[in-house]
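Participant: This is a predicted model, with the sequence first.
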Amino acid sequence: MDQLLAIVLVALLSIAAIVALLTVLEALFPRIVADGQQMANALSKRSFWFGLLNTLFLGIIAIVCIAISENGAGIFVIPALFVLGVGAAGIAFGLSALARIVGTRLLPQQSSSLKQMLGGATAMTLACLVPFVGWFGLLPLLAFWGGGGVALGVYRRWRPIKKG
């Protein structure tokens, strides 16, 4: 019984930590999250495919660096960790942007953007906890879609993107 209580407590604390992370990212980096939200909302298919390709590209780079480091050049672990960190940051910002979209759609009458963000982040987190469908379907979909939206938002600063 103690183990069940510990598992439930860890799960609840994890949910609270994820919701807090998404909310804090939006509070500290509103421009990045807003750009990601705009791109993910306006160009959803392009955002998804751009996120998928970026994730594959960064994953391949990390795997190559790790393979090289295992063959004697251990210094290549540092670029692998950097690439994985950049990818994880992009996905986290993307999930924050999607939490804003979900919160706005679920709670349109709320005047507080904090309540919308908390509602969207909580709904997304709980939905991703559904066995199999959430783990292997919804979470990758949201990660690619949001990460691609943020990447397109950052890319848009350098070069305008045509809608379509």
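Facilitator: Nice, I can see it.
Participant: Let me know the average pLDDT across the biggest helix by length in the chain.
Facilitator: Longest helix of the chain, by residue count under DSSP state H: helix 77-106. Averaged over helix 77-106, pLDDT sits at 94.
Participant: same question, stretch 39-51
Facilitator: For stretch 39-51, mean pLDDT is 93.
Participant: Only the buried residues of that stretch, if you could.
Facilitator: Residues 39, 40, 41, 43, 46, 47, 48, 50, 51 are the ones in stretch 39-51 that count as buried (16 or more other Cβ atoms under 10 Å). (Glycine included, C-beta is placed from N, CA and C.)
Participant: so which of those would you say is closest to residue 154?
Facilitator: Comparing these against residue 154 with Cβ to Cβ places residue 39 closest, at 9.2 Å.
Participant: so which helix or strand takes in that closest one?
Facilitator: helix 30-42 (DSSP states H and E).
Participant: then that helix to CSV, C-alphas only?
Facilitator: Only the C-alpha atoms of helix 30-42 are listed here, as CSV (Å, rounded to 0.1, in the frame of the first residue of the first chain):
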residue,chain,number,x,y,z
PRO,A,30,6.5,35.3,-24.1
ARG,A,31,7.8,36.2,-27.5
ILE,A,32,9.1,32.7,-28.3
VAL,A,33,5.9,31.1,-27.1
ALA,A,34,3.7,33.5,-28.9
ASP,A,35,5.5,33.0,-32.1
GLY,A,36,5.3,29.3,-31.7
GLN,A,37,1.6,29.5,-30.9
GLN,A,38,1.0,31.7,-34.0
MET,A,39,2.9,29.3,-36.3
ALA,A,40,1.4,26.1,-34.8
ASN,A,41,-2.1,27.6,-35.1
ALA,A,42,-1.8,29.1,-38.6
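Participant: Tell me which stretches of the protein form helices.
Facilitator: Ranges of helices in the chain, per DSSP H, are 2-28, 30-42, 44-70, 77-106, 113-128, 133, 139-158.
Participant: what's the angle between the fifth one and helix 77-106?
Facilitator: Taking axes from the mean of the first three to the mean of the last three Cα atoms, to 10 degrees, one finds helix 113-128 and helix 77-106 inclined to each other by 110 degrees.
Participant: So what's the model's average confidence on the helix or strand following helix 113-128?
Facilitator: Under the assignment DSSP H and E, the closest C-terminal helix or strand after helix 113-128 is helix 133. Helix 133 carries an average pLDDT of 94.
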